[in-house]
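Participant: model the following, please.
(2 chains)
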Amino acid sequence: MTQPLTPPPKKNPEKRTLSPTLPPEARSRAAMGLTAAAAEGRFALQVCGECGATLYPARDACNRCLSVDLRWQDIDPRGELLAETTVRTSTNLYFRERAPWRTGTVRMDAGPVVICHVHGDVGPRARVVLSNRLDRAGQGVLLAMPEAPTPHMEDDPQLRAMTSDPKLRRVLIVDARSENAPAIAAALLQAGAATIFAGEAQSWRPNPQRAALLALGVQLLPLDVTDAGSVRELAGEIGGKVDILINNARFMRPGGVLQRGDTAFAQQEFDVNVLGLMRLAQAFGPAMCARTADGVNSAVAWVNILSAYALVNAPEFGSFAASQAAALSLGQSLRGEFRASGLRVMHVFVGPTEDDWHQPLPPPKVAPAALAADLLRGLQAGLEDVHSGDVAKELAERFRAGPKVLEREMTMGGRS
Amino acid sequence: MGEFREHIRTPDGQVRAVTRPRQSYAGVALVAPATVPYQRYSIQTAHWWIARALRMALDAAGLRPGDLDGLSMASFTLFPDTAVGLTQHLGLSPRWLDHIPMGGAAGIVALRRAARAVQAGDADIVACVAGDTNHIDSFRQLLSSFSRFQTDAAYPYGYGGPNANFALLTDRYMQEYGATRADFGRLCVAQRDNALKNPHALMKKQLSLQQYLDARPIADPIALFDCVMPCAGAEAFLVMTVDEAERRGLPYATLAAAIERHNAHPDDPIQLRGGWTMDADQLYQMADCGPPDIDLLQTYDDYPVISMMQIEDLGFCAKGEAPQFVRDHDLTIAGDFPHNTSGGQLSAGQAGAAGGFLGLVEAIRQVTGTAGPTQVPGARRAMVSGFGMINYDRGLCSGAAILKGNGP
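Facilitator: Numbers count the residues shown, from 1 in each chain, chains lettered A, B, ... in the order given. Reported below is the predicted structural model:
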């Protein structure tokens, strides 16, 4: 039975903060298919295109027929725990610090036998459901979970080490003026977040979200992402107690290049959406990276809410989409720069949202509560890429199927 | 030169006729068993350890390096060199060269190939050598680059190294066959008893069953005394013709039979048997004897469960009955089933690839009556078994040989 987490004691300033360590990171190129699937929360294994065998570990050729036509496909994740061990000592620092660690051998109904992490609530020789997770090194790993949910199962230490669960953690929502701020705050508090901070630029201006945020108990603090001084000041104040940062700051106006006639809006779009992200990362990133092994409320995730059109430009919002592509690229850079700490960068790709600037667009549009729910699920599952809403999901699927075809369709107004 | 087999057993258990019989190993002699005393840690390199073992074997046979025309080498820590670089490093000009990256099966495989080379006249005198060094932290570094499947699909899961791999097999073996920790303990305690007679064994203290049972857990159900101690060391022997050995007046062993097999039973969900089950019948057929005729057995004992598996798969008892077998037999040098007479890796230490030579070199000593304090009285027929290379969830290489000699 999983012991529910309890709020951590106040941090002892005399104690050294544990340095971040990572589980083994090296993988073959083929094995990274598991990572790609885990980043989106899918359970996929290699399947031979010729004989249909399901393969594990990842290979470059089928061990039944020597075909090299291997594809990653979603697979029935169920199986049976054949054997298990509790590792009590390891030459790897990450596991040594976290021992005892339960691992086992599972025979999957789909055929392969896998060595995997084993959730504490899985009984001996029990039926299990395998889940594909990103570990702290950011690589896909398999975790055997109980067939049916158990009380507090999300608090299992091995599972929690693979998620970005907001429970008992402290969250900074960057833009308190955004339509989605109250919904995100409410969802996180509902999920057990300890504290929510929200940044508010130009506090003298009315903020229509303020009443809702204050009613939820959110702490409003001055933060203007276009002002490096303001960002640094807030980081100095609360940087050591932000466990999850949600960058929802966004500036957008319709139009591509020719329609606008000047670069004034583009400058603002890039100042908020790209350079704002950079300012935030420079101010908050180092402190968060230093606190990724800091116990129950360790720093765990950096979230960027991006337009789905970061993947491919939509000319009716062409300049804004360009800023989103730049922000996506910057987020990829942060993944590289945060890598050694295990701080996860999660991108939430969202289609047109239910707000003023998307008013002329037809539905379906993503309501703030739906975006908040997807964001929360992404944190709880420890994902890197979340596609929120039908438009974003479809766009991602079309992007995977063929980026050039999708680009052509978008230049023709979104459809072929 | 007899024809030793008419049938083989295929991986799915079918028996089918074989068109080409195996040739015998008649006329091949194994001489000059050499062991460089192991050290827990060494500041020397694998090159140094291998050179010392080669020199010891040559000295024992009264040969000079220039007399060698064949070399077979096994090592994990020789990087960036292979057997090729070693020829120049050591000043050898062999006309037959082999490098055997098969860990615990390296000894058997090296022996088989060298024997064929000598039989065929491709080489006259082959030195088979295995050696590894062990620096502080080198075991951890060795683990990290052991195999692609380990890197991709085993190490990210708790990084227990081979301890965790074998813990899973042991756990399953215990459930399946009702083995207890005390059964594994009996085997380990007997080996420690043997090691106390081996002046070079790293473990020098008596081990009681209670101490075994009370030991620190490592990866359940594996505890401290189920694990070998990585160390530095080297082992070597020479392969030549029987005529050559007799001409030089060297005590020699002959090779009655040998088998090897890789990635056997790939569809077994968890390894409870090895490749021996596919080839043991031929092994006995070729040696014209059966399990009761074996005077002593050297198994590859990286973990006691693997020794039990070999006792079963090589026909000393039925599958699943090794726990009862170790309860019923005395596995010490003076016992009714002498096993791992030098203490095995569990008590002598695991010197990397030399661990795959340990039992073989000791068996040559036993059947030539030169084992000294660990000598089994009347040892004329020894079986040696090898097992190596945990690639993902199981050991892939297995091999075995039956050696004969005039005994003490």
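
Participant: stretch B:211-218 close to chain A?
Facilitator: Yes. Counting by C-beta under 8 Å from any C-beta of the partner chain, chain A is contacted by stretch B:211-218 at B:216-218. Where C-beta positions appear, they are placed from N, C-alpha and C, glycine not excepted.

Participant: which of those residues count as buried?
Facilitator: B:217-218 (16 or more other C-beta atoms under 10 Å in any protein chain shown).

Participant: quick one: residues contacting B:His135.
Facilitator: B:41-43 (C-beta atoms under 8 Å, 6 or more residues apart in numbering or on different chains).

Participant: mind redoing it with 7 Å?
Facilitator: Applying C-beta atoms under 7 Å, 6 or more residues apart in numbering or on different chains, we find B:His135 in contact with B:Tyr41.

Participant: let me know the secondary structure of it.
Facilitator: Secondary structure assignment for B:His135 (DSSP: H, G, I helix; E, B strand; the rest coil): coil.

Participant: how many residues are close by A:Gln219?
Facilitator: A:Gln219 sits with 14 neighbouring residues when counted by other C-beta atoms under 10 Å in any protein chain shown.

Participant: okay, now the unreliable bits of chain A?
Facilitator: For chain A, the stretches flagged by pLDDT under 70 are A:414-416.

Participant: who's in contact with the longest helix that it contains?
Facilitator: In chain A, assigned by DSSP state H, the helix with the most residues is helix A:318-338. For helix A:318-338, the external contacting residues (C-beta under 7 Å, 6+ apart) are A:252-253, A:255-257, A:260, A:265-266, A:269-270, A:273-274, A:277-278, A:281, A:285, A:289, A:302, A:304, A:306-307, A:309-310, A:313-314, A:345, A:347.

Participant: just to be sure, which of the residues you listed are found in helices?
Facilitator: A:265-266, A:269-270, A:277-278, A:281, A:285, A:289.

Participant: out of these, who's near chain B?
Facilitator: Checked against chain B using C-beta under 7 Å from any C-beta of the partner chain, the ones in helices among the contacts of helix A:318-338 yield no neighbours at all.

Participant: ok, so of those, who is nearest chain B?
Facilitator: A:Cys289 (21.5 Å; C-beta to the nearest C-beta).

Participant: how many neighbours does the closest one have?
Facilitator: A count of nearby residues for A:Cys289, using other C-beta under 10 Å, gives 18.

Participant: isn't it right up against A:Ser341?
Facilitator: Yes. In this structure A:Cys289 lies within contact range of A:Ser341 using C-beta atoms under 7 Å: 3.7 Å.

Participant: what are the buried residues along stretch B:316-327?
Facilitator: B:316-317, B:321-323, B:325-326.

Participant: helices - which of those residues land there?
Facilitator: Taking DSSP H, the ones among the buried residues of stretch B:316-327 that sit in helices are B:322-323, B:325-326.

Participant: ok, these vs A:Ala212, which is closest?
Facilitator: Nearest to A:Ala212 among these: B:Pro323, at 68.2 Å, using C-beta to C-beta.

Participant: where exactly do the helices run in chain A?
Facilitator: A:32-39, A:93-98, A:157-160, A:181-190, A:210-216, A:228-238, A:264-270, A:276-290, A:318-338, A:368-381, A:390-401, A:403-411.
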